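A.B. asks: A predicted structure for the sequence below; I have some questions about it.
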Amino acid sequence: MALKIRLSRAGSKKRPYYHIVIADVRTPRDGRFIEQVGSWNPMLAKDGERVKVNEERVKHWMANGALPTDRVARFLAEAGLIQRDARNNPTKGEPGKKAQERIAAAKAAEEAAAAKAAADAAAAAEAAAAPAEETAE
């Protein structure tokens, strides 16, 4: 029998509350379960008693082959019960191809404007220095 450590929803409409349960993978989310090993109240502040886990029962069931779902694995990793690999996508927040082309074009235009301003400033300084040399002769 394949076992999962997963969430089972309780609470009323728009007021979620979840039980962390050991259940057969074939049973529905809120259906029959073997044992309740904790709870998660997402309505509470993150620094409070948001997640409660019976650590020794979780260790027992994991030793017997129960696998946690992704969300429960996050809770167990915070409790120090399992080692969870980092699942991040470093390129997810980057802009798309067209946006990157627009950014590159904007940078090129900005650099060209800065170069033109520098050239104008150098020409103005050279023009200011030229009349001073003529008066000195």
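C.D. replies: Ah, there it is. Numbers count the residues shown, from 1 in each chain.
A.B. asks: ok, S39 - how many residues close by?
C.D. replies: By the measure other Cβ atoms under 10 Å, the count of residues near S39 is 19. (C-beta placed from N, C-alpha, C; glycine too.)
A.B. asks: show me what contacts it?
C.D. replies: Contact criterion Cβ atoms under 8 Å, 6 or more residues apart in numbering gives Y17, Y18, H19, I20, V51, K52 as the residues in contact with S39.
A.B. asks: which strand or helix spans the third one?
C.D. replies: Here H19 is covered by strand 15-24, with elements defined by DSSP states H and E.
A.B. asks: how about the last one?
C.D. replies: Element membership of K52 [criterion: DSSP H and E] is strand 51-53.
A.B. asks: list the buried residues of the longest helix belonging to the chain.
C.D. replies: If each helix of the chain is counted by residues according to DSSP state H, the longest one is helix 97-136. Residues of helix 97-136 include none that count as buried (16 or more other Cβ atoms under 10 Å).
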